[in-house]
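Q: Okay, here's the prediction I keep looking at, along with the sequence it came from:
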Amino acid sequence: MSGEGPIKITDTSEIAVCTCMQSNHWPFCDATHHTTGGDGPEIVQLDKNKTYYLCGCFRTKNRPFCDRSHEKIKKSNP
Ligand code: FES
């Protein structure tokens, strides 16, 4: 999934964010940590009336949110 752009979410008040980096549905926890070990998810509260963009490239410095770091990847890998 590395190198992909942001994931838009709306109408959501809470997300479980993967912290073990093993999820097949990153950035969302899919309970893989139960079999692989590692920490459980971080629960993040959101405003249901807002739109958010979650990082899909693993490079954000504001996890789980996109900080536009993916744009630097695209520019360096045309
Ligand atoms: S998708 Fe990772 S910083 Fe934008």
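A: In hand now; what should we look at? Residues are numbered from 1 along each chain as shown.
Q: Can you pull the residues of the chain lying near the ligand?
A: For the chain, the residues in contact with the ligand (CB under 6 Å from any ligand atom) are 5-6, 55-57, 59-60, 66-70. Glycine gets a C-beta too; all of them are placed from N, C-alpha and C.
Q: For those, which ChimeraX command selects only the ones that are buried?
A: Here is the ChimeraX command that selects only those of those that count as buried (16 or more other CB atoms under 10 Å):
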select :6,55,56,57,59,60,66,70
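Q: could the residues of the chain next to the ligand go into TSV alongside secondary structure?
A: Output for the residues of the chain next to the ligand, formatted as TSV (DSSP: H, G, I helix; E, B strand; the rest coil):
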residue	secondary structure
5	coil
6	coil
55	coil
56	coil
57	coil
59	coil
60	coil
66	coil
67	coil
68	coil
69	helix
70	helix
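Q: of the residues of the chain next to the ligand, closest to residue 23?
A: Nearest to residue 23 among those is residue 56, at 12.2 Å by CB to CB.
Q: Give me the nearest residue to that closest one, chain neighbours excluded.
A: Of all residues not flanking residue 56 in the chain, residue 4 sits nearest, at 4.1 Å (CB to CB, 6 or more residues apart in numbering).
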